[in-house]
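> got a sequence here, can you build the structure:
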Amino acid sequence: MKLKTYKQAVEFLNSHILSTRDVVFPGELGLKRTKYLLLLLDNPQNSMKVVHIAGTSGKGSTAYLLSLLLKKSGKKTGLHISPYILDLRERMQINNTFIPQKKLTEYLSQIIPAIKKCTESRFGAPTYFEILTALTFYVFKNEQVEYAVVETGLGGTYDATNAVTVKNKFVVLTRIGKDHTKILGNTLQKIASQKAGIIHYKNSVITLRQSDRINDVFKKSALKKKANIVFFDPKIYVKNIELQKTGFCFLFLQNTNEWVRVALLLNGLYQIENSSMALFSFFQLAKRDGIVIQKNILKVFESAYFPGRFEKVLKKGKEYILDAAHNPQKMRSFLASLKIAYPKKKFHFVVAFKKGKDIFQMLDLITPFAKTLTVTSFFNDTQDLVHLSADTKMIEGYLRKKQFKNFCVSPSLRHALKNNNQTAKNPIVITGSIYLLGEWYGLN
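Numbers count the residues shown, from 1 in each chain. As a prediction, this is how the structure comes out:
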């Protein structure tokens, strides 16, 4: 099968999206299927140095910032993040640039025979996410990427990206919290164990120092795989945090007694943890691999832009704040940043949440900051699964029970924004799901 246009490529990929009735996490079978598909492609995932990143919060930003640091160091760098907001090519960037549509179409055409062979095998048809993962590694290999910074999708142990088996893999584990509990487990230890599943034999591992129960899981996982593990503690490496007009800045302990100033364009208090984690990981990787650290390496943070993370947008005289917070941990961090940036201010919230999330806890966090609250919906059928938003009537019932009166229900984001544009004087905050933010970008 020869794909002639980018539209045909997208349609081919979309034909492998699971419908709502077929959605079952493939688990070990999915990983085995991905490994087989990659084997048919001559294991492109093992042809480069891989930085593999897992965690509940911060892994996307950390991956992006690490890719910038590697690119600035003169390394041809691939970046895989998941999910994307608007363009599927966000999942396979090279030096932080999308590959041309024509080239992606050609590469996808080249791997279709392998996809068909996999489909006819005992493993069955690969999913959208599995195909995109294989395609990403295939693209990186053919484009001669030296380093691939790879964010996991769901979990770690059975994630399709865990098909990487090179011994020199560099693992980064970010903050752990409760999310996807039906799949990953209902305790932090179980979730941490799933995330730590990306640690393989003799890998180098950097992990954020967290609670003892999480740290112990990571230690045991590393010991079992004879991996070298280093814990990063922001309390030791970060000091003098300040909020300036362009964003947060802080001092970072680069060497034993040398503090360097880091200025962020990225907003959000949580980006201090992510950027310092990326910086610490980069220095450890540079030391391991002999990467020459450029004198102006910290400049990358002054222009780093990652959409949907405490993003401020001025549109037609209205101020919007966009954040993809989709679990209580992320929401708590986002709202803490909101409080610092806008002390004593309340906001017009427009929210929608994906089904299965801890919605009530997130609402409890939001309502003290809300002048008004508009509850809306989204429907996304262009990614790995069909993503549906939670029932607005259920949310309405909960808000009434909590006696929060300043809310309304809107049938669509477009309708919600139209109403808020007529009345809003305070900033309009759009949050609750990356898929809701995707709709916002699509409208603007």
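> chain center to the helix or strand of the chain at the bottom of the mean pLDDT ranking, what's the gap?
In the chain, the helix or strand scored least confidently by mean pLDDT, DSSP states H and E is helix 181-184, which has a mean of 71. Per CA atoms, centre = their mean, to the nearest Å, the displacement of helix 181-184 from the mean C-alpha position of its chain is 18 Å.
> got a list of contacts for the helix or strand that comes right after that helix?
Note on helix 181-184: by DSSP states H and E, the next helix or strand toward the C-terminus is helix 188-195. Contact with helix 188-195 is made by 54-56, 152, 155-157, 173, 176-181, 184-185, 211, 213-214, 217-218, 221, as judged by CB atoms under 8 Å, 6 or more residues apart in numbering. C-betas here are computed from N, CA, C, even on glycine.
> residue nearest the centroid of the chain?
Centroid-nearest residue in the chain: residue 60, 3.2 Å away (criterion: CA atoms, centre = their mean).
> before we move on, the earlier item: just the buried ones from the contacts of helix 188-195?
Applying 16 or more other CB atoms under 10 Å to the contacts of helix 188-195, the neighbour count classes 54-56, 152, 155-157, 173, 176-180, 184-185, 214, 217-218, 221 as buried.
> ok, back up a step: quick one: secondary structure of the residue nearest to the centre of the chain?
Under the three-state scheme (DSSP: H, G, I helix; E, B strand; the rest coil), the conformation of residue 60 reads as helix.
> and if you look at residue 113?
In the three-state summary, residue 113 is assigned as helix, counting by three-state DSSP.
> wait, what's in contact with it?
Taking CB under 8 Å, 6+ apart as the definition of contact, residue 113 has no neighbours.
> and what of residue 110?
Residues touching residue 110, when contacts are defined by CB under 8 Å, 6+ apart, comprise residue 138.
> backbone dihedrals for it, please?
Reported as degrees, to the nearest 10, the phi and psi values for residue 110 are phi -70, psi -30.
> let's number from 18 now, not from 1
Sure, I'll start numbering at 18, so the last one becomes residue 127.
> would you map the strands across the stretch 218-367 of the chain?
Taking DSSP state E, counting those that start in this stretch as the test, the strands found in the stretch 218-367 of the chain are 221-225, 245-249, 255-261, 264-270, 276-280, 328-332, 335-340, 364-368.
> returning to what we had before: just the pLDDT for the residue nearest to the centre of the chain.
pLDDT recorded at residue 77 is 93.
> distance of it from residue 166?
In this structure, residue 77 and residue 166 are separated by 11 Å, where distance is defined by CB to CB, to the nearest Å.
> break this structure into its domains for me.
According to the domain assignment given by automatic domain parsing, the chain is divided into the following structural domains: 23-249+291-299, 328-460.
> ok, which of those comes nearest residue 260?
When those are ranked by proximity to residue 260, the top entry is domain 328-460, at 6.1 Å, counting by CB to CB.
> can you check the distance spanned by that closest one, start to finish?
Terminal residues of domain 328-460 lie 16 Å apart, using CA to CA, to the nearest Å.
> can you give me the offset of it from its chain's centre?
That offset, for domain 328-460, works out to 19 Å (CA atoms, centre = their mean).
> what mean pLDDT does that domain have?
Predicted confidence along domain 328-460 averages 89 (mean pLDDT).
> what does stretch 131-144 give?
pLDDT averaged over stretch 131-144 gives 96.
> just to revisit the earlier point, elements contacting the least confident helix or strand of the chain?
Taking 3 or more CB pairs under 8 Å, 6 or more residues apart in numbering; DSSP states H and E as contact, the helices and strands that helix 198-201 lies on are helix 205-212.
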